[in-house]
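Q: Provided below for reference: sequence and predicted model.
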Amino acid sequence: MLLKHNIPFQYVFGKIKYEVLAITVYTLVINILYNTYHIGDITIPIAVPMVLGTSLSLLLAFRSNQAYDRWWEARTIWGAIVNDSRTLARQILTLTDDPYKSEEFKHFQDQFVKRQIALDLRTGTIAEVWTR
């Protein structure tokens, strides 16, 4: 997972501190008006939360859909990169040949393939990775 197991409280509060302050001031004003001046006719028309809730749900749905589309595009591009790298490494191993079997040529093949694929370090060599 890309995130840590727990997100620090200071980070979250730092992002929303102004919104929390605005809501706190708003509720304090309503509470003072209700308790001190006995104003009990503070009402919000039902259309306001209904419109806000509908618009908020649509915005969240569009943002979630857009985020998923971006993730899917990145996943397909990353899969293409992995497949192309493996194909290139396979071609380097099969299509290059050194009649003298020099150590320098073998080193070139190993280094090129190691650069293109994630080598399983438990096996040790490139040949063992491809024969599995």
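A: Sure, I can see it.
Q: which strands and helices sit next to the longest helix anywhere in the chain?
A: Scanning the chain for the helix with the most residues, using DSSP state H, yields helix 47-95. Contacts defined by 3 or more C-beta pairs under 8 Å, 6 or more residues apart in numbering; DSSP states H and E place helix 47-95 against helix 103-116, helix 126-131. C-beta here means a position set from N, CA and C on the backbone, and glycine is covered the same way.
Q: In the first one, which residues are buried?
A: Meaning helix 103-116. Within helix 103-116, the residues that qualify as buried are 109, 110, 112, 113, 116, counting by 16 or more other C-beta atoms under 10 Å.
Q: quick check: domain ranges of the protein?
A: Annotated domains of the chain cover 7-40, 77-132 [automatic domain parsing].
Q: where among those domains is the average confidence lowest?
A: Looking at these, the lowest mean pLDDT belongs to domain 77-132 (a mean of 72).
Q: picking up where we left off before, of the domains of the chain, flag the one that's most buried.
A: Highest mean neighbour count among those (mean count of other C-beta atoms under 10 Å): domain 77-132, with a mean of 12.
Q: Save the domains of the chain as TSV, and put in distance to residue 49 too.
A: Converted to TSV, the domains of the chain look like this (distance: least, C-beta to C-beta, whole Å):
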stretch	distance to residue 49
domain 7-40	14
domain 77-132	42
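Q: now for these, which one comes closest to residue 59?
A: Closest approach to residue 59 among the domains of the chain is made by domain 7-40 (16.1 Å; C-beta to C-beta).
Q: Distance-wise, check residue 44 relative to residue 61.
A: Between residue 44 and residue 61 the computed distance is 25 Å (C-beta to C-beta, to the nearest Å).
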